[in-house]
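J.: Could you work out the structure for the sequence below:
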Amino acid sequence: MELASATSADATWPSWVLVVAAVLVPGLLLAGPALRSRYPGAWWLLCGFPAVAFRVVQTWRPLMAGCGLAVSRRPALTVVSGLVGKGAPPPQPRVPRRGLIRPTSGGFVLLVRLLPGQVPEHLVKAAPAMAESWQVHAVRVTSWKPGVVRIVASAVDPLADPQVPKQRGPGHLLRVTVGALETGAAWVVDLRSVPHWLIVGATRSGKSTLINALVAGLAPQPVALVGIDCKGGMELSLYEPRLSALATNREQAVRLLTALVDLTLDRMSLCRAARVRNIWGLPDKERPVPVVVIVDEIAELFLVANRNEKDEAHAAGTALIRLAQLGAALGVFLVVAGQRVGSDLGPGVTALRAQLGGRVCHRVADPGTAEMALGDLNPDALKAAQAIAPEQAGTAVLASGDGWERARSHLITEADAEAVAAEYAHLTPVLSELHVEP
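T.: Numbers count the residues shown, from 1 in each chain. Presented below is the predicted three-dimensional model:
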């Protein structure tokens, strides 16, 4: 009787599964398109992720074998050679061990333990095959810890249309969300964490849009913005109501940069007198306002035609290098941008590049600029930047000492940035020591 009851229960369980499947599957098929358009996150968790996870499980072993990542069990075959001869199946090759597949907002992530003798580069080369087999947009493989790699997959291109996030509260000082990363996370520029940045990009590559996003995010904050635009101020004059100082030619730029160096030296004396290592150790009422210096078209500072211009270029380069060396602790931050940044501009550019820990490379017109921006940090980042197509405006590769990512900035137009600068003009700090005579 007990056996019959158990058999009956076993027989009814699959019928429940069929009933539930018969209800859920048609419902998801009917509601899927509307759910995907209105609630893409919910659609991904309910429909997209389970399907992709099933494909990963089903294809893992043949995919690893096809990519040359399987290791034969030769010792086992020798031990059981007699059994194989009697019809027992031979042992399957070993493949890298896959961990739990965890969903993200627009993809999934999993850890993989490498086999002895394998290195992360072996799986990096297999990333395109993984994306094709799993039918996802892209797969990134990075080192997690010795012997373990991290695979991050994006089901769709998160850089296709990054949305400007809604501002919640005052935000963090010197921290701005400027776009989206390829992983689906927000692209955040945190000057407290990485104080100085180099941004390169050809015309219509998205460089100016990124600067617009930075200015729009910093304008509501209690910081001073300083502009250096040696193309007559054509770019940065849009933000002039929110700028504490603006230099529009190299002569003005040298005077402004010299004043900024003097400002940092004064702050150094202030910190020394208070026996603190940086301005953040000072009481709030005594802490000087942070200063963000935006330099547009850095090549205009270094190109020379005669002896006088050479002296000006040398003075400007020396001042920038000193600001980069001293500024992080004293509340002076650099954002240096340009269409072309190469070693042909002189040793000052190379020395300055070494002090700019954050790098952003859009599509560039010459390989030397990409090499200057990313070559000393990560060769893989350099290859990714050189692969950016002309139609991918706003897409960039950003790198720092912690690694690299593909990203795309929010579309902040010149009109938007100009309106934000005018709206927060009343927050512009008056720094008389930075006054530049026309």
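J.: Return stretch 185-204 as PDB; C-alpha atoms alone will do.
T.: Output of stretch 185-204 as PDB, limited to C-alpha atoms (Å, rounded to 0.1, in the frame of the first residue of the first chain):
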ATOM      1  CA  ALA A 185      26.800  50.000 -13.500                       C
ATOM      2  CA  ALA A 186      27.000  53.800 -13.300                       C
ATOM      3  CA  TRP A 187      30.100  55.500 -14.600                       C
ATOM      4  CA  VAL A 188      31.200  57.700 -11.700                       C
ATOM      5  CA  VAL A 189      34.100  60.100 -11.700                       C
ATOM      6  CA  ASP A 190      35.300  60.500  -8.100                       C
ATOM      7  CA  LEU A 191      38.000  63.100  -7.800                       C
ATOM      8  CA  ARG A 192      38.600  62.300  -4.200                       C
ATOM      9  CA  SER A 193      39.500  58.700  -5.300                       C
ATOM     10  CA  VAL A 194      41.300  59.500  -8.600                       C
ATOM     11  CA  PRO A 195      42.100  63.200  -8.400                       C
ATOM     12  CA  HIS A 196      43.500  63.900 -11.900                       C
ATOM     13  CA  TRP A 197      42.200  62.800 -15.300                       C
ATOM     14  CA  LEU A 198      43.300  62.800 -19.000                       C
ATOM     15  CA  ILE A 199      40.500  62.900 -21.500                       C
ATOM     16  CA  VAL A 200      41.400  62.400 -25.200                       C
ATOM     17  CA  GLY A 201      39.200  62.100 -28.300                       C
ATOM     18  CA  ALA A 202      38.900  63.300 -31.900                       C
ATOM     19  CA  THR A 203      36.300  65.700 -33.100                       C
ATOM     20  CA  ARG A 204      32.700  64.400 -32.600                       C
END
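J.: Show the low-confidence segments of this structure, by residue range.
T.: 1-37, 39, 73-91, 161-171, 401-402, 436-438 (pLDDT under 70).
J.: quick check: domain ranges of it?
T.: Using automatic domain parsing, the domains assigned to the chain come out as 24-70+93-154, 175-434.
J.: and residue 172, how many neighbours does it have?
T.: Residue 172: 11 surrounding residues under other C-beta atoms under 10 Å. Every C-beta, even on glycine, is put in place using the N, C-alpha and C of the backbone.
J.: Going along the chain, name the strands of the stretch 1-150 of the chain.
T.: For the stretch 1-150 of the chain, the strands defined by DSSP state E, counting those that start in this stretch cover 97-98, 102-103, 107-113, 138-145, 148-154.
J.: between those, which one is nearest to residue 385?
T.: Within these, the stretch nearest residue 385 is strand 138-145; the backing value is 15.0 Å (C-beta to C-beta).
J.: in its sheet, what does the closest one sit against?
T.: strand 148-154 (antiparallel) (DSSP bridges).
J.: Now the strands of the stretch 1-150 of the chain in CSV, please, with extra columns for mean neighbour count and distance to residue 181.
T.: Output for the strands of the stretch 1-150 of the chain, formatted as CSV (neighbours: other C-beta atoms under 10 Å; distance: least, C-beta to C-beta, whole Å):
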stretch, mean neighbour count, distance to residue 181
strand 97-98, 14, 24
strand 102-103, 14, 17
strand 107-113, 19, 12
strand 138-145, 17, 10
strand 148-154, 20, 10
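J.: Turn those into CSV, including distance to residue 38.
T.: Converted to CSV, those look like this (distance: least, C-beta to C-beta, whole Å):
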stretch, distance to residue 38
strand 97-98, 33
strand 102-103, 19
strand 107-113, 20
strand 138-145, 25
strand 148-154, 21
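J.: Of all these, which one is nearest residue 270?
T.: Comparison of these against residue 270 by C-beta to C-beta identifies strand 138-145 as nearest, at 42.0 Å.
J.: Residue 266 - how many residues pack around it?
T.: 13.
J.: any idea which element it lies in?
T.: Using DSSP states H and E, residue 266 sits within helix 250-274.
J.: what packs against that helix?
T.: Under the contact criterion of 3 or more C-beta pairs under 8 Å, 6 or more residues apart in numbering; DSSP states H and E, helix 250-274 touches strand 224-229, strand 243-247, strand 291-296, helix 299-302, helix 307-330, strand 332-338.
J.: any idea which of the ones you listed is most buried?
T.: Among these, strand 224-229 has the highest mean neighbour count (mean count of other C-beta atoms under 10 Å), at a mean of 27.
J.: neighbouring contacts of that strand?
T.: For strand 224-229, contacts defined as C-beta atoms under 8 Å, 6 or more residues apart in numbering pick out 215, 218-219, 233, 235-237, 239-240, 242-248, 253, 256-257, 260, 289-297, 301, 428-429, 431, 434.
J.: what's the answer for stretch 119-128, then?
T.: 63-64, 67-69, 96, 112, 114, 138-143, 149, 151, 380.
J.: Recalculate using a threshold of 7 Å.
T.: Stretch 119-128 is contacted by residues 67, 69, 112, 139-141, 143, 149 when judged by C-beta atoms under 7 Å, 6 or more residues apart in numbering.
J.: do stretch 358-367 as well
T.: So stretch 358-367 is contacted by 194, 196-202, 205-207, 210, 340, 370, 373-374, 377, 385-386, 388, 390, 392, 396-400 (C-beta under 7 Å, 6+ apart).
J.: could you dump that stretch to CSV, C-alpha only?
T.: This file holds the C-alpha atoms of stretch 358-367, laid out as CSV (Å, rounded to 0.1, in the frame of the first residue of the first chain):
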residue,chain,number,x,y,z
GLY,A,358,42.6,58.5,-14.5
ARG,A,359,42.5,58.1,-18.3
VAL,A,360,39.6,58.3,-20.7
CYS,A,361,40.1,57.6,-24.4
HIS,A,362,37.4,58.1,-27.0
ARG,A,363,37.9,57.4,-30.7
VAL,A,364,41.1,59.1,-31.7
ALA,A,365,42.6,60.1,-35.1
ASP,A,366,46.1,58.8,-34.5
PRO,A,367,47.4,55.7,-32.6
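J.: sorry, back to before: quick one, which of the helices and strands packed on helix 250-274 is nearest to residue 183?
T.: strand 332-338 (23.6 Å).
J.: give me the number of residues near the residue nearest to residue 394 when sequence neighbours are not counted?
T.: Of all residues beyond its chain neighbours, the one nearest residue 394 is residue 206 (3.7 Å), with distances taken as C-beta to C-beta, 6 or more residues apart in numbering. Other residues within reach of residue 206, judged by other C-beta under 10 Å, total 25.
J.: from what I can see residue 206 touches residue 407, true?
T.: No: under the criterion of C-beta atoms under 7 Å, residue 206 is not in contact with residue 407, lying 10.1 Å apart.
J.: list residues touching both of the two?
T.: Shared contacts of residue 206 and residue 407, defined by C-beta under 7 Å, 6+ apart, are found at residue 396.
J.: circling back to that earlier point, nearest to residue 180, of the strands of the stretch 1-150 of the chain?
T.: Ranking the strands of the stretch 1-150 of the chain by their distance to residue 180 (criterion: C-beta to C-beta) puts strand 148-154 first, at 10.9 Å.
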